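Give me a model of this one.
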Amino acid sequence: MNWRYAHTTLALCTLAFTATMVARLAISPLVPQITETFAVTNTTVGLALSGMWLAYALSQFPSGVLGDRYGERAVILTAVGSTLLASVLIAVSPSIVGFALFTVVLGAGAGLHYSVATTFLTRQFDDIGRAIGVHVAGGPLAGLVAPP
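As a prediction, this is how the structure comes out:
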């Protein structure tokens with residue numbers, strides 16, 4: 001196999017999808033420590049996480065428009081960068097309010113990735129199904145990596 005630009009983009013998009021998914025999934029195993037640290041109930045943390053997943057879902061819709069306007073690469077890099085920044089802010093969050101706000105920001109940033117990356121990959125490959133299959137495999141890989 002001849003390694004080319006398309007394969008590099010596939011590897012990087014898959015890695016980015018894995019990273020954004022790990023950032024979201026890594027929070028759930030830490031709920032007991034989060035509730036203890038902020039002296040809140042599971043319900044409070046659950047509401048914050050629900051906000052994250054809602055923001056994730058809702059940000060996927062405008063991501064395509066943003067990709068068309070600013071380019072897929074810029075949106076993918078924004079998704080990864082905002083996921084990284086939000087993850088750091090969650091880790092150093094001084095209060096449950098900050099934690100909740102930053103988890104929503106995490107969801108919104110991570111939600112920008114998938115739709116735009118899929119469009120980007122369809123432009124790189126003739127065998128679109130295989131490329132999307134490899135890209136989607138980043139999600140289950142994150143599910144294996146995040147809990148430990």
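
List the residues that contact Ser82.
105-106, 108-110, 112 (Cβ atoms under 8 Å, 6 or more residues apart in numbering). The way it works is simple: take the backbone N, C-alpha and C, and place the C-beta from them, glycine included.

Now, those that are in strands?
Judged by DSSP state E, strands contain none of those.

quick one: which of those is most hemmed in?
Highest neighbour count within the contacts of Ser82, by other Cβ atoms under 10 Å: Ala110, with 29 neighbours.

measure the closest residue in space to that one that isn't next to it in sequence to Phe38 for me?
Distances taken as Cβ to Cβ, 6 or more residues apart in numbering place Thr20 nearest to Ala110, at 3.9 Å, with adjacent residues excluded. Here the criterion is Cβ to Cβ, to the nearest Å. By it, Thr20 lies 24 Å from Phe38.

the more surrounded of those two?
Higher neighbour count among Thr20 and Phe38: Thr20, with 30 against 19, using other Cβ under 10 Å.

from memory Ala100 sits against Gly46, does it?
No: using Cβ atoms under 8 Å, Ala100 is not in contact with Gly46; the gap is 10.6 Å.

just the helices in the chain please.
Taking DSSP state H as the test, the helices found in the chain are 5-25, 31-38, 42-70, 72-91, 96-110, 113-124, 128-136, 138-145.

ok, now which ones touch the residue nearest to Ala110?
Contacts of Thr20 (Cβ under 8 Å, 6+ apart): 79-80, 83, 109-110, 113.

for Thr78, same thing?
109, 112.

Lowest-scoring secondary structure element of the chain by mean pLDDT?
Within the chain, confidence by mean pLDDT, DSSP states H and E is lowest for helix 138-145 among all helices and strands, at a mean of 85.

In PDB, list the C-alpha atoms belonging to stretch 44-61.
Provided in PDB are the C-alpha atoms of stretch 44-61 (Å, rounded to 0.1, in the frame of the first residue of the first chain):
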ATOM      1  CA  THR A  44     -26.400  17.600  39.800                       C
ATOM      2  CA  VAL A  45     -23.500  16.000  38.000                       C
ATOM      3  CA  GLY A  46     -25.900  14.100  35.800                       C
ATOM      4  CA  LEU A  47     -27.600  17.400  34.700                       C
ATOM      5  CA  ALA A  48     -24.100  18.800  33.800                       C
ATOM      6  CA  LEU A  49     -23.400  15.700  31.700                       C
ATOM      7  CA  SER A  50     -26.800  15.900  30.100                       C
ATOM      8  CA  GLY A  51     -26.000  19.500  29.100                       C
ATOM      9  CA  MET A  52     -22.800  18.300  27.600                       C
ATOM     10  CA  TRP A  53     -24.500  15.600  25.500                       C
ATOM     11  CA  LEU A  54     -27.200  18.000  24.400                       C
ATOM     12  CA  ALA A  55     -24.600  20.600  23.400                       C
ATOM     13  CA  TYR A  56     -22.800  17.800  21.500                       C
ATOM     14  CA  ALA A  57     -25.900  16.900  19.600                       C
ATOM     15  CA  LEU A  58     -27.000  20.500  18.800                       C
ATOM     16  CA  SER A  59     -23.500  21.600  17.600                       C
ATOM     17  CA  GLN A  60     -23.500  18.900  14.900                       C
ATOM     18  CA  PHE A  61     -26.200  20.700  13.000                       C
END
